[in-house]
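Participant: Give the three-dimensional model of this entry:
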Amino acid sequence: MGKNVHVTPRSNGWAVKSAGAERASAIKPTQAQAIAAARQQAARNGSELVIHGRNGQIRAKDSHGSDPRNIPG
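Facilitator: Here you go, the predicted model:
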């Protein structure tokens, strides 16, 4: 599984950044645009998408890796 991809707020928009990376791979003007770019990157890497709110706290996660299939419920 690849490194998690985070969408985080910045003063000039929203950043798309892989875990452990020094620089953001993209800066988008809206959170929706950043989520779309991050979702593509996470799907390509088979990793998890982590979306942060304006306050920096995690508000949602979306897995694009290998999830177990036989989960009841």
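
Participant: Please count neighbours and contacts with C-alpha atoms only from this point.
Facilitator: Will do.

Participant: thinking residue 49 is in contact with residue 42, fair?
Facilitator: Yes: in this structure residue 49 lies within contact range of residue 42 using CA atoms under 8 Å: 5.9 Å.

Participant: can you list residues touching both of these two?
Facilitator: Residues within reach of residue 49 and of residue 42 at once, by CA atoms under 8 Å, 6 or more residues apart in numbering, are 4-5, 64.

Participant: Okay, now the unreliable bits of the chain?
Facilitator: Applying pLDDT under 70 to the chain flags residues 1, 65-73.

Participant: all helices for this structure, in order.
Facilitator: Here the chain has its helices, by DSSP state H, at 31-45.

Participant: sorry, back to before: ok, the shared contacts of residue 49 and residue 42 vs residue 24, which is closest?
Facilitator: Residue 24 lies nearest to residue 5 out of the shared contacts of residue 49 and residue 42, by CA to CA, at 9.9 Å.

Participant: and the nearest residue to that closest one once chain neighbours are set aside, what is it in contact with?
Facilitator: Nearest in space to residue 5, with sequence neighbours left out and distances taken as CA to CA, 6 or more residues apart in numbering, is residue 18 at 4.4 Å. Listed by CA under 8 Å, 6+ apart, the contact set of residue 18 reads 3-6, 24-25.

Participant: swap in residue 34?
Facilitator: Applying CA under 8 Å, 6+ apart to residue 34 gives the contacts 7, 14-16, 26-28.

Participant: let's see it at 7 Å
Facilitator: Taking CA atoms under 7 Å, 6 or more residues apart in numbering, we find residue 34 in contact with 7, 14-16, 28.

Participant: roughly how far apart are it and residue 41?
Facilitator: Residue 34 sits 11 Å away from residue 41 when distances are taken as CA to CA, to the nearest Å.
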